[in-house]
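**Q** quick check, what structure comes out for this input:
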Amino acid sequence: MGTDNKILAVARGNRNNLQVVISTSNDEGPQLIWQDDTNGVWHNPVALPYATGLSFSSAGLARGNADNLQLVLIEKDKGQLYLIWQDNNTGEWRFSGKLNNPKSYAFSHVALAKGNNEYLQGLLIEKDSGRPLYVWQDNEGQWAEPGFLPNEDGLAFSALALSRGAGGYLQAVFLDKYRGYPHLIWQNNNTGVWNDSTKLPNPNGVEFSHLVMAKGNAENLQVVLLEKNSGHPYLIWQDNNNGAWASPGMLPNPAGLRFVALAIASGNAGNLQVVLIEKNSGHPYLIWQYNPNGDWSVPIALPNPDGISYRAVTLGNGNANRLQAILTRKDTGKPYLIWQDNAGYWHYHGCLDRSGRSYEPASWMQDNLQALQSMKLNALCIPGSHDAGMSLLSVGGTVGANACNTITQKHSILSQLNLGVRYFDIRPVISGGTFYTGHYTFVGEKGPFNLKWQGGNGQSIASIIDELNQFTRSQNELIVLYLSHDLNTDVDDSYRPLLQAEYDRLCSELERVDHREMSHANDFKDLTLGHYIGKPGATRPRVLIIAEPSQGGITLKANSGIWGAVTYSITNVYSNTNDLNAMINDQIGKMKSNHDYFLLSWTLTQSPWQAATCVAPVFNWHTPSILDLAEEANSVLSARLLPEISATVYPKIIYLDAIDNSEATRLSVDINYRALGIC
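**A** Predicted coordinates for the structure are as follows:
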């Protein structure tokens with residue numbers, strides 16, 4: 001897609017999936033983006049069938065015969081009409097070619113809507129003369145040739161909008177090409193006859209440049225227009241009871257904002273919504289009509305956390321009937337989305353064209369290296385695993401340790417790597433003379449069973465090294481191991497941190513890790529992803545091992561490729577709560593107050609009561625395990641995190657328990673592209 005891309009039309013198609021048709025500036029033909037109505041997922045652009053060499057400037061999209069979606073396009077150079085349609089049963093799109101146009105009229109504008117007998121009507125403006133014409137489709141799918149609409153004064157028009165109004169009659173409002181006055185042509189719903197152009201009330205002679213139209217409160221037809229010079233929004237409306245039209249009135253606009261584009265559709269609670277683009281900033285605004293009494297709001301700024309400038313907008317109702325606003329970015333022509341929930345709140349979604357980026361979890365860094373290679377580690381967002389080695393309970397551990405209060409992960413290190421995790425919280429312990437990962441909590445001098453520590457052991461360090469090496473034999477990714485919370489559990493029940501000789505032995509074991517980062521840096525986060533894993537087409541794996549010994553004064557083994565925490569400073573403060581909303585509010589608040597290298601600890605912590613009773617529930621009450629709490633937190637990760645981030649404020653590590661899918665990887669990829677300003 002190029003910078004001259006244009007969103008041509010939006011409508012619901014087969015299975016109620018929202019369809020967005022986009023023209024491209026590089027002769028790639030029309031493309032389709034669509035939203036799955038069942039889950040709200042948007043799909044990347046795909047090419048629609050068409051004849052090579054055609055490009056299009058305008059289109060109308062609506063359901064026609066047999067409920068098949070009809071896309072009528074105007075060819076850019078010669079203004080001819082072409083048809084592409086979607087089979088309502090299969091969703092397949094088909095190119096029908098040029099519509100019947102024996103006199104070869106050239107057109108500039110088209111709008112589609114159902115008219116008399118539910119026949120699909122296409123209203124057109126001739127390219128050079130500005131005269132209004134129409135075409136229509138019968139119930140067999142046949143299209144009539146273009147015919148002129150009644151226009152006794154021979155007016156030339158420059159814009160139109162089409163919708164059903166009073167009595168169910170189809171209403172077409174045109175703007176006079178030279179004076180910008182609004183005129184009406186309407187169709188008798190019983191006979192199909194079109195009635196002559198009539199100037200709508202406009203006693204002050206206001207000149208308009210843009211218009212949109214839809215039904216609003218009490219089913220009254222609302223026409224919102226932009227004044228030609230000032231860009232101020234005006235309203236003309238039709239009384240649904242008698243068909244009378246009211247004179248234009250300026251809509252509330254106390255700040256005197258000037259707008260250059262607009263779109264209209266029904267939103268939450270049936271309230272009519274108009275999204276407008278402000279002239280100078282290109283930012284999106286909303287005005288809306290309160291359905292019960294018809295009052296209109298003042299313009300309200302819509303979410304735009306990255307401050308993007310747009311040049312156009314279209315609206316359509318998508319999954320769960322939520323209103324979707326598709327905006328065209330001014331500089332790149334890419335489509336962006338903001339949407340309204342059923343409570344009336346608007347949310348920023350971001351770029352809809354995510355083609356060209358890879359979400360393959362095992363290889364996401366190397367696959368996206370063309371875009372990400374220049375990002376420093378302190379800007380790169382990566383998925384992280386809390387207590388990464390605790391996917392099982394192995395040898396050792398204390399009496400009170402159980403899967404429900406000790407296991408934090410569902411998969412081994414290798415499986416987590418294949419799910420896209422790139423930061424691993426490794427907590428080495430000595431148990432039976434062997435290095436394991438551990439999950440231990442100090443419970444005090446008089447803990448249960450007279451133990452000062454409670455916890456257990458997970459994967460061995462040896463098995464983790466083997467899995468790392470297995471992964472890096474086939475994948476060229478950057479992996480960060482962060483060692484902390486070390487313990488020797490072979491001493492008395494006091495346990496203790498590793499001593500120098502023990503840490504030396506740990507470092508020696510870790511020297512079996514292939515592809516360690518051996519070059520010193522004052523701050524490893526200041527180095528780019530390309531520094532670590534190379535360039536596209538010439539990649540290599542890299543494992544960065546950072547150690548934060550629990551015992552002060554420990555010296556890391558020289559030339560081991562294991563580096564002190566001072567070279568990788570990080571903000572990692574967990575919320576220490578089992579309350580989901582409290583955790584989210586705490587972590588989001590910390591993220592927004594610390595824009596440096598922030599680890600988002602999206603984890604819930606069992607209360608002492610939960611940790612003690614999840615083993616044997618009291619009175620048959622279900623007490624959640626660590627994994628249960630993690631599943632609760634993970635289930636709202638995208639929904640609760642995405643609205644809070646921007647291109648400059650986002651987590652550098654998304655740190656989770658119970659990683660069971662690649663959602664955090666997909667999030668990380670999208671966050672990185674957003675930080676780079678790439679759609």
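**Q** any low-confidence regions in the stretch 301-450 of the chain?
**A** 446-450 (pLDDT under 70).
**Q** how about the helices in it?
**A** In the stretch 301-450 of the chain, the helices defined using DSSP state H, counting those that start in this stretch lie at 364-367, 369-372, 403-406, 413-418.
**Q** again, but for the chain
**A** 364-367, 369-372, 403-406, 413-418, 461-472, 500-510, 529-533, 580-593, 608-613, 626-634, 637-641, 663-676 (DSSP state H).
**Q** flag the shaky bits of this structure, pLDDT-wise.
**A** Applying pLDDT under 70 to the chain flags the ranges 1-3, 25-27, 446-451, 617-620.
**Q** does residue 388 touch residue 424 like I think?
**A** Yes - counting by Cβ atoms under 8 Å, residue 388 does reach residue 424; the two are 4.0 Å apart. All C-beta spots, glycine's among them, are computed from the backbone N, C-alpha and C.
**Q** overlap in contacts, those two.
**A** With contacts taken as Cβ atoms under 8 Å, 6 or more residues apart in numbering, the residues that reach both residue 388 and residue 424 are 413, 416.
**Q** more crowded one of the two?
**A** Taking other Cβ atoms under 10 Å, residue 388 and residue 424 do not tie; residue 388 has more neighbours (28 against 24).
**Q** from residue 151, how far off is the more buried one?
**A** 73 Å (Cβ to Cβ, to the nearest Å).
**Q** repeat for residue 245
**A** Taking Cβ to Cβ, one finds residue 245 at 19 Å from residue 151.
**Q** got it, and residue 172?
**A** 11 Å.
**Q** what touches both of the two?
**A** Common neighbours of residue 172 and residue 151 (criterion: Cβ under 8 Å, 6+ apart): 132, 185.
**Q** give me the more crowded residue out of those two.
**A** Neighbours per residue (other Cβ under 10 Å) separate residue 172 from residue 151, with residue 172 holding more: 26 against 19.
**Q** which residues does the more buried one bridge with?
**A** residue 162, residue 185 (DSSP bridges).
**Q** likewise for residue 46?
**A** Beta-bridge partners of residue 46, as defined by DSSP bridges: residue 32.
**Q** tell me how many other residues crowd it.
**A** 11.
**Q** pretty sure it is in contact with residue 29, am I right?
**A** No - using Cβ under 8 Å, residue 46 is not in contact with residue 29; the gap is 10.8 Å.
**Q** shared neighbours, the two?
**A** Contacts common to residue 46 and residue 29, judged by Cβ under 8 Å, 6+ apart, are absent.
**Q** distance of the closest residue to residue 37 other than its chain neighbours relative to residue 427?
**A** With sequence-adjacent residues excluded and distances taken as Cβ to Cβ, 6 or more residues apart in numbering, residue 37 is closest to residue 16, at 4.3 Å. Distance, residue 16 to residue 427, by Cβ to Cβ: 50 Å.
**Q** so where do the strands sit in the stretch 51-200 of the chain?
**A** 56-63, 69-75, 81-86, 93-98, 107-114, 120-126, 132-137, 147-148, 157-164, 170-176, 182-187, 194-199 (DSSP state E, counting those that start in this stretch).
**Q** typo on my end, the stretch 301-450 of the chain
**A** Under DSSP E, counting those that start in this stretch, the stretch 301-450 of the chain gives strands at 310-317, 323-329, 335-340, 346-351, 382-385, 423-426, 428-431, 434-442.
**Q** make CSV out of those and add distance to residue 190.
**A** As requested, the strands of the stretch 301-450 of the chain are arranged in CSV below (distance: least, Cβ to Cβ, whole Å):
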stretch, distance to residue 190
strand 310-317, 29
strand 323-329, 33
strand 335-340, 37
strand 346-351, 41
strand 382-385, 63
strand 423-426, 69
strand 428-431, 83
strand 434-442, 77
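**Q** out of the helices of the stretch 301-450 of the chain, nearest to residue 9?
**A** For residue 9, the closest of these is helix 369-372, at 30.6 Å, according to Cβ to Cβ.
**Q** can you tell me what sits against that closest one?
**A** 357, 365, 380, 529-530, 533-536, 539, 672-673, 676, 678.
**Q** narrow the residues you listed to those that are buried.
**A** Among the contacts of helix 369-372, those buried by neighbour count (16 or more other Cβ atoms under 10 Å) are 357, 365, 380, 529, 530, 533, 534, 539, 672, 673, 678.
**Q** just put those in a markdown table and tack on distance to residue 579.
**A** Shown next, in a markdown table, are these (distance: Cβ to Cβ, whole Å):
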| residue | distance to residue 579 |
| --- | --- |
| 357 | 35 |
| 365 | 35 |
| 380 | 31 |
| 529 | 36 |
| 530 | 41 |
| 533 | 39 |
| 534 | 44 |
| 539 | 43 |
| 672 | 30 |
| 673 | 33 |
| 678 | 37 |
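**Q** so in terms of bridging, what pairs with residue 285?
**A** Here residue 285, judged by DSSP bridges, has bridge partners residue 276, residue 301.
**Q** would you check that it makes contact with residue 259?
**A** Yes - using Cβ under 8 Å, residue 285 is in contact with residue 259, at 7.3 Å.
**Q** now do the shared contacts for those two.
**A** What both residue 285 and residue 259 touch, as defined by Cβ under 8 Å, 6+ apart, is the set 276, 277, 278.
**Q** which of these has the most neighbours?
**A** Highest count within these by other Cβ under 10 Å belongs to residue 276, 28 neighbours.
**Q** gap between that residue and residue 70?
**A** Distance from residue 276 to residue 70, by Cβ to Cβ: 28 Å.
**Q** with residue 405 instead?
**A** 61 Å.
**Q** cool, residue 667 as well?
**A** Distance from residue 667 to residue 70, by Cβ to Cβ: 38 Å.
**Q** and stretch 337-355, C-alpha only, in PDB?
**A** What follows is stretch 337-355, C-alpha atoms only, in PDB (Å, rounded to 0.1, in the frame of the first residue of the first chain):
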ATOM      1  CA  LEU A 337      -8.900   1.700  13.900                       C
ATOM      2  CA  ILE A 338     -10.600   3.100  16.900                       C
ATOM      3  CA  TRP A 339     -13.800   1.500  18.100                       C
ATOM      4  CA  GLN A 340     -16.700   2.100  20.500                       C
ATOM      5  CA  ASP A 341     -17.800  -0.400  23.000                       C
ATOM      6  CA  ASN A 342     -21.500  -1.000  23.900                       C
ATOM      7  CA  ALA A 343     -21.200   1.400  26.900                       C
ATOM      8  CA  GLY A 344     -20.200   4.200  24.500                       C
ATOM      9  CA  TYR A 345     -16.500   4.300  25.400                       C
ATOM     10  CA  TRP A 346     -14.000   4.600  22.500                       C
ATOM     11  CA  HIS A 347     -10.800   2.600  22.300                       C
ATOM     12  CA  TYR A 348      -7.600   2.900  20.200                       C
ATOM     13  CA  HIS A 349      -6.700  -0.300  18.300                       C
ATOM     14  CA  GLY A 350      -4.000   0.900  16.000                       C
ATOM     15  CA  CYS A 351      -2.900  -0.100  12.500                       C
ATOM     16  CA  LEU A 352      -5.100  -2.600  10.600                       C
ATOM     17  CA  ASP A 353      -2.500  -3.500   8.000                       C
ATOM     18  CA  ARG A 354       0.000  -5.700   9.700                       C
ATOM     19  CA  SER A 355       1.100  -7.500   6.600                       C
END
